[in-house]
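In: Here's a sequence, model it:
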Amino acid sequence: MSLIYLLPSILEESRSEYQEIKNSIPGGRSFCPVERINHTEEESASLLARGDNLEFIQYLIREKELEGKIQLIYMDPPFYSKASYDAVIKLKSPLVDDSPAIKPTAYDDLWKTGMEEYLRMLCVRFFFIRDLLAEEGCFWVHLDWHVVHYVKILLDEIFGEDRFVNEIIWNYKSGGTGKRNFSRKHDTLLFYGKSKKYYFQPLQEKSYNRGYKPYRFKGVKEYKDELGWYTMVNMKDVWQVDMVGRTSAERTGYATQKPEQLLSRIVESCSRPGDLCADFFGGSGTLAATAEKLGRQWISCDVGGIATASSLKRMSVKKSTFTLLETEADEQSEELKVSLETEPIEFTDKKLVTVTLKGYDLDLRHIPLEGKDREVIKKFRKKDPLQLLEYWSVDFQYDGKIHNPQFSFPKEKDRIEKVCRQIGYNINKISIRAVDVFGNSTLTILQAGV
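Out: Numbering: from 1, shown residues only. The predicted structure follows:
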């Protein structure tokens, strides 16, 4: 049977599942705040979560009371490509001979029972996304040729045909070419408003005059750059934006990473400074990074460890203030090797407290690698294990509940800081939390008694 005939049943079964889940709230899995990064006395609404996004959405409705309060939701789900996607992790150390990049699986876009399963997965989430959006809210879903035509039909039913605003074509140069088809060089983004009152601020772009010469029309402002004369017009629905290049400063190595320039257009046009923006297939955190840069608050969720580690590092480098949530609280472990030293400060009752990283005993059972990639990890584990860390932080006033670090150290340019110092007194417990390149976390608690 053609899939077009199955769309009504997909829609109704998804609606029933949505209603069943909705009726079960306030039940469901909770999320634990495990780390509060760069927090001061002023609380931030920005959240980074690791876990299933459907469970996380329920958590946001149930415990954060965010139904009807998110201005912009961007969704970049798997595209139904029926493929697996790798992250590229390049480890470097003067203690280890030059090693090839390792390529662990970032996520699978495989569906055992076919497109019906995939569309149901999306459809249930669409219903909840509609609930989360503010009355002036905007929803964007990012897809390609595989399923965008089917998703458009489902969204027209869930949001309403009259809530459809735009189909944006993102055109790029990268990608493969085929001998049996024209080169596929674009993705499609569907833009819907929660209501007729959706917020939208048109952006402008250059429109070059024919022959790059001045028109000199009365009342028309013209400008000139190195190419020639142009006018400013409202941005069109075909966007030429390059993918993230191999040498780009924003490149994380995460599979299918989207460029910040693309997300900037969405965030700037559909939200205001201070608004809350969300991405429930967060990947490497491009929506979060863009929202942070533009003065918005953000929520990002992904089920993958590599994605969460990448986003944690990326947002820490940006000095963003946010809370990290996971489905289980951290338990103390012994994988991270640290030393603690205290030194009295002359003529005061204070002491200098120094925490130093000494090693990291990565449990090889927790890494999704085989063959040569696994051998690379074993080499680093033996000779320079601290290079396997993506991020670590220290809380000198640990309350036994939430790790609230005063100092955080994301890896930057293949270098990770190994020493953290604090001057103070009445320091009883110190917690050190670290996350490796695969997203595994470890918590070490020291009794200071200073």
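In: can I assume Phe191 is in contact with Gly137?
Out: No. Phe191 is not in contact with Gly137 according to C-beta atoms under 8 Å; the separation is 11.6 Å. To be clear about C-beta, it is placed using only N, CA and C from the backbone, and glycine gets the same treatment.
In: And these two? Which one has more around it.
Out: Applying other C-beta atoms under 10 Å to Phe191 and Gly137 shows that Gly137 carries more neighbours, namely 28 against 21.
In: Number of residues surrounding the closest residue to Lys319 other than its chain neighbours?
Out: The shortest distance from Lys319 to any non-neighbouring residue, by C-beta to C-beta, 6 or more residues apart in numbering, is to Asn38 (6.0 Å). Residues near Asn38, counting by other C-beta under 10 Å, number 17.
In: At which residues are the helices of the stretch 251-400 of the chain located?
Out: Using DSSP state H, counting those that start in this stretch, the helices of the stretch 251-400 of the chain run over residues 260-270, 286-293, 305-317, 371-383.
In: got TSV for the ones you listed, with mean neighbour count too?
Out: Converted to TSV, the helices of the stretch 251-400 of the chain look like this (neighbours: other C-beta atoms under 10 Å):
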stretch	mean neighbour count
helix 260-270	20
helix 286-293	25
helix 305-317	25
helix 371-383	15
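In: Phi and psi next, for His186.
Out: phi -150, psi 150 (degrees, to the nearest 10).
In: how many neighbours does it have?
Out: 16.
In: what's across from it in the sheet?
Out: Asn171 (DSSP bridges).
In: looking at it, it is touching Asn171, isn't it?
Out: Yes. Counting by C-beta under 8 Å, His186 does reach Asn171; the two are 4.7 Å apart.
In: Surely Leu95 is in contact with Lys383?
Out: Yes. With contact defined as C-beta under 8 Å, Leu95 reaches Lys383; the gap is 4.7 Å.
In: Could you report the separation of the most far-flung residue of the chain relative to its centre from Arg421?
Out: The outermost residue of the chain, judged against the average C-alpha position, is Phe347 (48.2 Å), by C-alpha atoms, centre = their mean. Distance of Phe347 to Arg421, computed by C-beta to C-beta, to the nearest Å: 19 Å.
In: do Tyr74 as well
Out: Taking C-beta to C-beta, one finds Tyr74 at 40 Å from Arg421.
In: How about Leu276?
Out: Relative to Arg421, and taking C-beta to C-beta, Leu276 is found at 36 Å.
In: between the two, which one's more packed in?
Out: Neighbour totals were compared for Leu276 and Arg421, and Leu276 leads with 22 against 14 (other C-beta under 10 Å).
In: what pLDDT does the more buried one get?
Out: As predicted, Leu276 sits at a pLDDT of 98.
In: isn't it right next to Trp298, touching?
Out: Yes. Contact criterion C-beta under 8 Å: Leu276 and Trp298 qualify, at 7.2 Å.
In: what about Glu205, neighbour count?
Out: Residues near Glu205, counting by other C-beta under 10 Å: 13.
In: Could you do the one 3 residues further on as well?
Out: Other residues within reach of Tyr208, judged by other C-beta under 10 Å, total 13.
In: Pairing partners for it in the sheet, please.
Out: On the basis of DSSP bridges, Tyr208 is bridged to Tyr230.
In: any idea how far Thr323 is from Ser81?
Out: Separation of Ser81 from Thr323 (C-beta to C-beta): 33 Å.
In: more crowded one of those two?
Out: Using other C-beta under 10 Å, the more surrounded residue of Ser81 and Thr323 is Thr323, with 20 against 13.
In: What residues does the more buried one make contact with?
Out: 33, 35-37, 39, 44, 46-48 (C-beta atoms under 8 Å, 6 or more residues apart in numbering).
In: all strands for the stretch 351-450 of the chain, in order.
Out: With DSSP state E, counting those that start in this stretch, the ranges of strands along the stretch 351-450 of the chain come out as 351-360, 389-395, 407-410, 419-424, 429-436, 441-447.
In: the domain parsing of this structure - what is it?
Out: According to automatic domain parsing, the chain comprises the domains 3-201+236-326, 336-447.
In: Take the ones you listed and write them to JSON lines, including distance to Gly219.
Out: Output for the domains of the chain, formatted as JSON lines (distance: least, C-beta to C-beta, whole Å):
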{"stretch": "domain 3-201+236-326", "distance to Gly219": "22"}
{"stretch": "domain 336-447", "distance to Gly219": "51"}
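In: ok, and for stretch 195-212, which residues are buried?
Out: By neighbour count on 16 or more other C-beta atoms under 10 Å, the buried set for stretch 195-212 is 198-199, 209.
In: CA atoms only: put it into PDB for me.
Out: Presented in PDB, the C-alpha positions along stretch 195-212 are these (Å, rounded to 0.1, in the frame of the first residue of the first chain):
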ATOM      1  CA  SER A 195      -1.200  31.300  15.600                       C
ATOM      2  CA  LYS A 196      -1.900  34.100  13.200                       C
ATOM      3  CA  LYS A 197      -0.100  36.400  15.700                       C
ATOM      4  CA  TYR A 198       3.300  34.700  15.300                       C
ATOM      5  CA  TYR A 199       6.200  37.000  15.700                       C
ATOM      6  CA  PHE A 200       8.300  37.700  12.600                       C
ATOM      7  CA  GLN A 201      10.900  40.300  11.800                       C
ATOM      8  CA  PRO A 202      11.800  40.400   8.100                       C
ATOM      9  CA  LEU A 203      15.600  40.300   7.400                       C
ATOM     10  CA  GLN A 204      17.100  42.100   4.500                       C
ATOM     11  CA  GLU A 205      19.700  41.100   1.900                       C
ATOM     12  CA  LYS A 206      21.600  42.700  -1.000                       C
ATOM     13  CA  SER A 207      20.000  42.600  -4.400                       C
ATOM     14  CA  TYR A 208      22.500  43.600  -7.100                       C
ATOM     15  CA  ASN A 209      21.400  45.700 -10.000                       C
ATOM     16  CA  ARG A 210      21.600  44.400 -13.500                       C
ATOM     17  CA  GLY A 211      25.100  44.800 -14.700                       C
ATOM     18  CA  TYR A 212      26.000  46.000 -11.200                       C
END
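In: And for that stretch, what's in contact with it?
Out: With C-beta under 8 Å, 6+ apart, stretch 195-212 has contacts from 71, 135-138, 162-163, 165, 193, 215, 222-223, 225, 227-236, 265, 268-272.
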